[in-house]
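K.L.:
One predicted model, sequence on top.
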Amino acid sequence: KFCCVTHHQQQKGVGFNPDRSSAMASLQLAVKARQLVIQNKPARLYRSICKEIPRVLIIYDIDMPFREAATAVRGLFHENAHLRDERVLDMVIEKGYMELEETLLQHKQRSHLLRLLEGYVIPTEGSNRKRLTLDATPEDQFNRN
């Protein structure tokens, strides 16, 4: 069996290790957060996100003040304030860390972050100006110029 790792490297543990995860870049934020024993996990996640907001705004070239971005993130936390089950909370917090990691590793596009920070706004320009609404009349359906 041919292997490019020498016997000396194998004894030291250097070289290819099939048990290791793939060579993709990873910050492992969710794994590190799971290992921490802290009282207020949502607050720790919120602080971690707020610490990274300036970097994210620069990386994705988003022209938004820090305070506005932090307020948008706080709003996302308030959407889940009703959760009380510990298992569900842990899952949502871990998902939050994964989202942060994907954002920092640039696995998202600018539009994905804008949708999170600014909310989804239906544009009324371009081809969307011809889009019909639910309360459209028959005249609107035939006169969409």
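P.N.:
Right, received. Where do you want to start? Numbers count the residues shown, from 1 in each chain.
K.L.:
And Cys50, which helix or strand is it part of?
P.N.:
helix 41-59 (DSSP states H and E).
K.L.:
what residues does whichever helix or strand comes after that helix touch?
P.N.:
Toward the C-terminal end, the helix or strand that comes next after helix 41-59 (DSSP H and E) is helix 66-79. With contact meaning C-beta atoms under 8 Å, 6 or more residues apart in numbering, helix 66-79 is reached by 42, 46, 49-50, 53-54, 56-57, 62, 116-119. All C-beta atoms are positioned from the backbone trio N, CA, C, and that covers glycine.
K.L.:
Assign Leu83 to helix, strand or coil.
P.N.:
coil (DSSP: H, G, I helix; E, B strand; the rest coil).
K.L.:
Pretty sure it sits against Leu89.
P.N.:
Yes. Using C-beta atoms under 8 Å, Leu83 is in contact with Leu89, at 5.4 Å.
K.L.:
now the angle from the helix or strand encompassing Met98 to helix 66-79?
P.N.:
Assigned by DSSP H and E, Met98 falls within helix 86-104. Counting by axes from the mean of the first three to the mean of the last three C-alpha atoms, to 10 degrees, helix 86-104 lies at 150 degrees to helix 66-79.
K.L.:
Confidence-wise, which helix or strand of this protein is lowest on average?
P.N.:
When the helices and strands of the chain are scored by mean pLDDT, DSSP states H and E, helix 7-12 comes last with a mean of 50.
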